[in-house]
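In: show me how the following folds:
(chains A, B, C and D)
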Number of protein chains: 2
Amino acid sequence: MTRPPTPDLTGLPDRELLKLDHQVCFSLQAASRAFGGVYREALRDLGLTYPQYLAMMVLWEHGPLPVKTIGDRLHLDSGTLSPLLKRLESAGLVRRERGPQDERSVTVHLTDSGAGLRERALPVPRSILRATGLSVQEVLDLQETLGRLTASLGRAG
Amino acid sequence: MTRPPTPDLTGLPDRELLKLDHQVCFSLQAASRAFGGVYREALRDLGLTYPQYLAMMVLWEHGPLPVKTIGDRLHLDSGTLSPLLKRLESAGLVRRERGPQDERSVTVHLTDSGAGLRERALPVPRSILRATGLSVQEVLDLQETLGRLTASLGRAG
DNA sequence: CACAATTGAATTGCGCACAACTCAATCATG
DNA sequence: CATGATTGAGTTGTGCGCAATTCAATTGTG
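Out: Sure, this is the predicted structure:
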């Protein structure tokens, strides 16, 4: 019943492979959506969705940034970020300016309102972490595994 | 530098919590999206998206099922499933019938074309699992952790 | 039996993710 | 310096996920 650390996957029967890989991606998405639900509730008062919260966090941490840089950090392209930032802008949290040196680039600034929102967002991480029910070590292990997984999948795809 | 297995989370500073929880959900979504990319490529020839593939797998495994049952298995509601099944139907893979005993229920059947697609889908799981770069044991551990995580988050949200 | 509550599907609306494309600004090469 | 390639944003279209609503069918209760 013990398995070698790197078993010969090609030797496993198709239906076992099917179960394994199905459940990995499936349980990954299940966890991801469960997070979404918890964040949705935690961010409701702030009027932010989770992706919007991520964008705000990048700005809270690094100050004004070009759209391109935000996209690099969040692994999102302009097709996702442009409308998202537009919503943040119409919510009055953010302001966009064409860069003077490179007129293709648009730099995103926090407004006073956007900067002030940080205070109200501070308790969110704690409530989320507590909701996971995981120990810190489990969180670290999970991240390590997910990091390798994403890297492998990225190279493959 | 060593930590107890279940540390007192309330004792950690805010900014450390912030990093931890941020990266968990973030790396979860990153892995989930990386999977999406790999599946997208693997399923391109079949003309299926990953959620459509999941629905087909349920039908391949269990035969004709009511929409409700498919939704329970995939954790999807009718708002997501109805249009998805409609697309599968217009692709000729699936047929929908009102149940005679309960006229609210709609049972989804595979067409011959839909059943035949299973053959072409068989090599997909193997290529996906290989792309993960994880050992079988790591896959099992990951699933276990994700299962607990999802359960905790579900209870919390 | 009548009527209220519940259930199963579908629809609408919103936001995210991604592909494909447009367009202007910038860069690189000859 | 002129021209072709590349880059940064934005737009369009498709599909997923979720909330909220609608509607008919069914169930439960008095």
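In: helix, strand or coil: sort out A:Tyr39 for me.
Out: helix (DSSP: H, G, I helix; E, B strand; the rest coil).
In: secondary structure element holding the nearest residue to A:Gly92 once chain neighbours are set aside?
Out: Ranked by CB to CB, 6 or more residues apart in numbering or on different chains and with sequence neighbours excluded, the top spatial neighbour of A:Gly92 is A:Ser113, at 5.1 Å. Where you see a C-beta, it was placed from the backbone N, CA and C, and this is true even at glycine. If you go by DSSP states H and E, A:Ser113 is part of helix A:112-121.
In: same check on A:Arg15?
Out: Using DSSP H and E, A:Arg15 sits within helix A:14-43.
In: picking that back up, and the helix holding A:Ser113, what other elements does it pack with?
Out: Applying 3 or more CB pairs under 8 Å, 6 or more residues apart in numbering or on different chains; DSSP states H and E, we find helix A:112-121 packed against helix A:50-62.
In: close to DNA strand D, is the helix it packs on?
Out: No. Using CB under 7 Å from any atom of the strand, helix A:50-62 never reaches DNA strand D; the gap is at least 10.7 Å.
In: hmm, who's touching that helix?
Out: Helix A:50-62 is contacted by residues A:35-36, A:39-40, A:43, A:46, A:48, A:65, A:69-70, A:73-74, A:76, A:80-81, A:84-85, A:87-88, A:93-94, A:108-110, A:114-115, A:117-118, A:121, A:124, B:22, B:25-26 when judged by CB atoms under 8 Å, 6 or more residues apart in numbering or on different chains.
In: next, count neighbours for the residue of chain A found nearest DNA strand C.
Out: Here the residue of chain A nearest DNA strand C is A:Gly79; by CB to the nearest atom of the strand that distance is 2.8 Å. By other CB atoms under 10 Å in any protein chain shown, 9 other residues sit near A:Gly79.
In: any residue of whichever strand or helix holds it touching chain B?
Out: Secondary structure assigned from DSSP H and E places A:Gly79 in helix A:78-90. No. Helix A:78-90 lies apart from chain B when judged by CB under 8 Å from any CB of the partner chain; the minimum separation is 10.9 Å.
In: list the helices and strands that helix packs on?
Out: helix A:50-62, helix A:67-74, strand A:94-98.
In: for A:Leu134, which of the ones you listed is the nearest?
Out: Ranking those by proximity to A:Leu134 (CB to CB) places helix A:50-62 first, at 18.5 Å.
In: which of the residues in stretch A:103-115 are classified as buried?
Out: A:106-108, A:110, A:114 (16 or more other CB atoms under 10 Å in any protein chain shown).
In: sweet, I'm off.
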